[in-house]
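> sequence isn't available, so here's the structure alone:
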């Protein structure tokens with residue numbers, strides 16, 4: 001992990017705050033909820049009835065980024081013969097959202113939770129998203145509980161879905177979970193959580209199945225901005241193994257949700273076409289030019305998983321691989337199943353269903369799958385919404401991406417604003433026509449650079465421009 005922080009001067013801090021506010025306004029990012037939405041939230045929370053089925057004796061745990069309060073998922077794993085019984089509880093958001101009510105209308109306007117350097121803009125009022133529906137530890141909550149029987153190889157043997165009341169027994173951050181898993185060989189092994197220990201078996205098994213079916217994961221270091229009292233931190237971090245294993249459980253659930261909806265001929269899928277032959281060939285030639293060829297016999301997912309983001313050449317390849325992951329969207333259907341049902345990176349049909357507190361579409365997927373698993377017709381309000389969801393989610397995804405990219409750019413510019421003319425060590429991650437993108441080691445910044453660059457090289461660059469209002473940062477190559 002690379003972390004860069006700076007206590008900004010008052011004037012710079014004010015300029016950055018104004019720039020972020022301007023970005024929010026330009027993108028029409030929502031702020032507070034209208035009073036009608038908050039009042040409805042208070043009413044539905046007060047009148048909420050928990051499911052009859054009781055699974056509060058099952059020791060679910062949650063694993064999330066540090067400081068999370070909107071907890072969508074809780075997991076529990078135990079051995080079942082030579083395989084595993086996996087329970088995955090998802091927050092029962094539909095219980096708090098009246099179809100076509102005030103909360104529903106506002107959620108459709110937002111589409112998802114937005115993340116900005118100065119705070120989170122939630123999809124639902126916080127009385128729901130961070131309290132009544134959140135799977136907080138020691139609290140009895142309603143949930144959609146997926147029950148998967150898995151073989152020793154992690155393959156799904158059977159799937160069930162129903163509502164139940166649950167109680168999480170532990171809330172762990174990724175760092176805490178990884179530390180506990182890593183201690184299983186040490187003196188604290190006896191106290192290690194059974195679910196965590198089995199997650200360390202099921203996660204890699206599911207990853208092996210992903211490789212076999214040709215799935216791929218473009219794992220780039222993530223840039224994260226945080227703010228506290230005018231102190232901004234920008235860090236670049238790679239995911240821990242437990243994050244990948246946890247993600248495999250979510251992928252499994254999404255694949256089963258897609259299978260259920262396709263069989264029931266109604267639902268909404270997360271789809272992405274496979275890259276065409278020309279795009280694949282261009283990428284293959286790029287890997288050869290960068291000195292780390294993609295072997296003909298190796299699936300692209302396996303090749304991408306082998307790349308080291310700390311190696312400048314392989315980091316450049318990771319960025320070039322973005323060309324293989326384009327065209328993702330949502331495909332809704334009710335009746336005829338569309339021809340294109342696959343998500344190419346998953347290498348299977350897939351649906352979003354595990355984050356209803358933070359993403360609109362998951363709420364509809366959950367109620368449709370629950371009905372189909374019970375042999376019933378999905379509720380009409382959910383079917384009526386299907387046709388509109390792809391457009392809503394596309395607009396929301398675009399707005400979230402712009403908010404993230406432009407906010408990070410403004411923070412990067414602020415962190416560098418008093419360092420014009422200074423030299424920096426950098427790695428070139430892409431290059432063409434006398435300019436390209438370089439990755440600065442400290443601070444953790446990616447920015448445009450002029451000069452005759454070669455992807456994968458380590459270079460020295462000079463900072464030419466860092467404008468907070470536009471977010472523009474520009475370097476020039478130093479010969």
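Arrived safely. What you see is a predicted model; the values in this text were computed from it and never measured.
> alpha carbons only for contacts and neighbour counts from here, please
Will do.
> correct me if wrong: residue 305 contacts residue 215.
No: with contact defined as C-alpha atoms under 8 Å, residue 305 does not reach residue 215; the gap is 10.4 Å.
> which one's more surrounded, the two?
The neighbour count for residue 305 versus residue 215, taken as other C-alpha atoms under 10 Å, is higher for residue 215 (20 against 14).
> from residue 265, how far out is that one?
25 Å (C-alpha to C-alpha, to the nearest Å).
> repeat that for residue 337.
6 Å.
> ok, residue 300 next?
31 Å.
> before we move on, what about residue 378?
11 Å.
> where do the helices sit along the stretch 101-250 of the chain?
102-110, 126-127, 174-182, 194-213, 241-264 (DSSP state H, counting those that start in this stretch).
> turn those helices into TSV, including mean neighbour count, mean pLDDT and distance to residue 150.
Output for those, formatted as TSV (neighbours: other C-alpha atoms under 10 Å; pLDDT from 0 to 100; distance: least, C-alpha to C-alpha, whole Å):
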stretch	mean neighbour count	mean pLDDT	distance to residue 150
helix 102-110	20	98	35
helix 126-127	16	98	36
helix 174-182	18	93	21
helix 194-213	19	95	9
helix 241-264	20	97	11
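> which of those helices sits closest to residue 329?
Among those, helix 241-264 comes nearest to residue 329, with 14.2 Å by C-alpha to C-alpha.
> quick check: buried residues in the helix or strand just after that closest one?
Under the assignment DSSP states H and E, the closest C-terminal helix or strand after helix 241-264 is strand 266-271. Neighbour-count burial for strand 266-271 flags 266-271 (criterion: 16 or more other C-alpha atoms under 10 Å).
> neighbour-wise, which of residue 300 and residue 265 wins?
Neighbour count, other C-alpha under 10 Å: between residue 300 and residue 265, residue 300 has more, with 22 against 16.
> just checking, that one touches residue 216?
Yes: the pair residue 300 / residue 216 is scored as a contact, 6.8 Å apart, by C-alpha under 8 Å.
> could you pull up the residues touching residue 64?
For residue 64, the contact set (C-alpha atoms under 8 Å, 6 or more residues apart in numbering) comprises 71, 171-174.
> rebuild those as a markdown table, extending it with distance to residue 478.
Below are the contacts of residue 64 laid out as a markdown table (distance: C-alpha to C-alpha, whole Å):
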| residue | distance to residue 478 |
| --- | --- |
| 71 | 47 |
| 171 | 49 |
| 172 | 46 |
| 173 | 42 |
| 174 | 40 |
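> which pair of the residues you listed spans the longest distance?
Those two in the contacts of residue 64 that are separated most widely, counting by C-alpha to C-alpha, are 71 and 174, at 13.2 Å.
> so which bits of the longest helix seen in the chain are buried?
Counting by DSSP state H, the longest helix found in the chain is helix 389-416. Neighbour counts over helix 389-416 (16+ other C-alpha under 10 Å) mark 389-390, 392-393, 396-397, 399-400, 403-404, 406-416 as buried.
> what is the helix or strand that that helix is followed by packed up against?
Using DSSP H and E, the helix or strand that follows helix 389-416 in sequence is strand 423-432. Judged by 3 or more C-alpha pairs under 8 Å, 6 or more residues apart in numbering; DSSP states H and E, strand 423-432 is in contact with helix 312-320, strand 435-440, strand 458-467.
> which residues sit against strand 423-432?
312-313, 315-317, 319-320, 436-442, 453-463.
> what residue spans form the domains of the chain?
Using automatic domain parsing, the domain ranges for the chain come out as 2-259+356-411, 277-324, 419-477.
> how long is the shortest one from one end to the other?
Criterion C-alpha to C-alpha; first-to-last residue distance in domain 277-324 is 10 Å.
> avg pLDDT for it?
Across domain 277-324, pLDDT averages out at 84.
> ok, the last one next?
For domain 419-477, the mean pLDDT works out to 91.
> now do stretch 90-97: distance to the chain's middle.
Centre-to-centre, stretch 90-97 and its host chain are 20 Å apart (C-alpha atoms, centre = their mean, to the nearest Å).
> quick one: terminal-to-terminal distance for that stretch?
So stretch 90-97: terminal residues 15 Å apart, C-alpha to C-alpha.
> contacts made by that stretch with the rest, please.
Contacts for stretch 90-97 (C-alpha under 8 Å, 6+ apart): 41, 44-45, 48, 71-74, 103-104, 128, 133-135, 141-146, 163, 354-357, 363, 367.
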